[in-house]
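S.K.: with the sequence up front, the predicted model follows.
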Amino acid sequence: MTRVALIGGTGPEGLGLAVRFARAGDEVFIGSRTKERAAEAAAKVKEKVPDARVKGLPNAEAVEKAEMVFLTVPFAAHAETLESLAETIGEKILVDVVVPVEFGEDGINAVTVAEGSAAQQARALVPKAKVASAFHHLDASDLQRIERPMQGDAIVCADHKGAKKKVMEQAEKIEYIRALDGGGLTNSHYLEEWTALLLNINKIYKAHTGVRIVGV
Ligand SMILES: NC(=O)c1ccc[n+]([C@@H]2O[C@H](COP(=O)([O-])OP(=O)(O)OC[C@H]3O[C@@H](n4cnc5c(N)ncnc54)[C@H](OP(=O)(O)O)[C@@H]3O)[C@@H](O)[C@H]2O)c1
């Protein structure tokens, strides 16, 4: 059992992960900027997983209670959110799920991040945390469809080996997901940028794509 917090867990991606982790028996703390939205999101998890151990809390309180913290806010809120929670996150495992993309008239484009990737920006802003980058390729609506198994790989990049192992174990709590070691945090930009391509493919095919690496 892991105590998991989701910063911005009221959005589709955070909610999807919350549902899957709650079903796996984890204690889940959904974070939000408001108590009300956090409580509403926790109620949605309970609807899907009636015996879920789930609570909605303001982001900082959710983080305090957890050992593994997921960041599921839009990229536009990435730096600001991390700056405000850096002290509370401290040395915990921080899993960055954020995809730096912008939705333009010409499609969905990856955004260049000065630090190299969103996850490397997280490491710069929360230097004591054990930052991992993962879960970008797991579609929010598929995660929320609890009656259907997921497909694909969760590729995990991190520099801290112990934290990476724990995040890989966490990913495999989701039925049929295989975790793969994607190397260090410097590889995170591949995960993040690749997601922009998946989002464009989703648009073309009206699909929910994921990633499966073959040969391993
Ligand atoms: N959707 C997907 O299928 C998917 C898949 C993989 C990765 N991702 C990534 O996961 C992240 C979350 O995706 P999502 O679709 O769930 O996003 P979202 O619905 O746009 O945002 C998630 C939550 O972030 C909080 N938030 C929004 N603006 C904020 C701000 N300015 N400051 C602080 N918090 C703010 C909101 O929570 P409160 O208002 O309750 O605070 C919101 O419910 C994104 O970075 C996305 O790229 C998404």
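M.R.: That came in fine, so what should we check first? Just so it is clear, the model here is predicted, and its values are computed rather than measured. Numbers count the residues shown, from 1 in each chain.
S.K.: would you map the helices across the protein?
M.R.: Counting by DSSP state H, the chain has helices at residues 12-23, 35-48, 59-65, 78-89, 118-125, 140-144, 161-171, 188-205.
S.K.: reformat those as JSON lines; add mean neighbour count and mean pLDDT.
M.R.: Every residue, glycine included, has its C-beta placed from N, CA and C. Formatted as JSON lines, the helices of the chain follow (neighbours: other Cβ atoms under 10 Å; pLDDT from 0 to 100):
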{"stretch": "helix 12-23", "mean neighbour count": "24", "mean pLDDT": "98"}
{"stretch": "helix 35-48", "mean neighbour count": "17", "mean pLDDT": "98"}
{"stretch": "helix 59-65", "mean neighbour count": "20", "mean pLDDT": "98"}
{"stretch": "helix 78-89", "mean neighbour count": "18", "mean pLDDT": "98"}
{"stretch": "helix 118-125", "mean neighbour count": "24", "mean pLDDT": "98"}
{"stretch": "helix 140-144", "mean neighbour count": "18", "mean pLDDT": "97"}
{"stretch": "helix 161-171", "mean neighbour count": "19", "mean pLDDT": "98"}
{"stretch": "helix 188-205", "mean neighbour count": "18", "mean pLDDT": "97"}
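S.K.: out of the ones you listed, the one nearest F103 is which?
M.R.: Of all the helices of the chain, the one in closest proximity to F103, counting by Cβ to Cβ, is helix 188-205 (8.7 Å).
S.K.: which strands or helices does that closest one pack on?
M.R.: Taking 3 or more Cβ pairs under 8 Å, 6 or more residues apart in numbering; DSSP states H and E as contact, the helices and strands that helix 188-205 lies on are strand 101-104, strand 107-110, helix 118-125, strand 130-133, strand 153-158.
S.K.: among these, which is nearest the ligand?
M.R.: Smallest distance to the ligand across the helices and strands packed on helix 188-205 (Cβ to the nearest ligand atom): 6.2 Å, for strand 101-104.
S.K.: list the neighbouring strands of the closest one plus their orientation.
M.R.: Using DSSP bridges, strand 101-104 pairs in its sheet with strand 107-110 (antiparallel).
S.K.: returning to that earlier point: same list (the helices of the chain) but as CSV, adding distance to I155.
M.R.: Shown next, in CSV, are the helices of the chain (distance: least, Cβ to Cβ, whole Å):
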stretch, distance to I155
helix 12-23, 16
helix 35-48, 26
helix 59-65, 25
helix 78-89, 20
helix 118-125, 12
helix 140-144, 16
helix 161-171, 9
helix 188-205, 6
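S.K.: nearest to V4, of those?
M.R.: Closest approach to V4 among the helices of the chain (Cβ to Cβ): helix 12-23, 5.2 Å.
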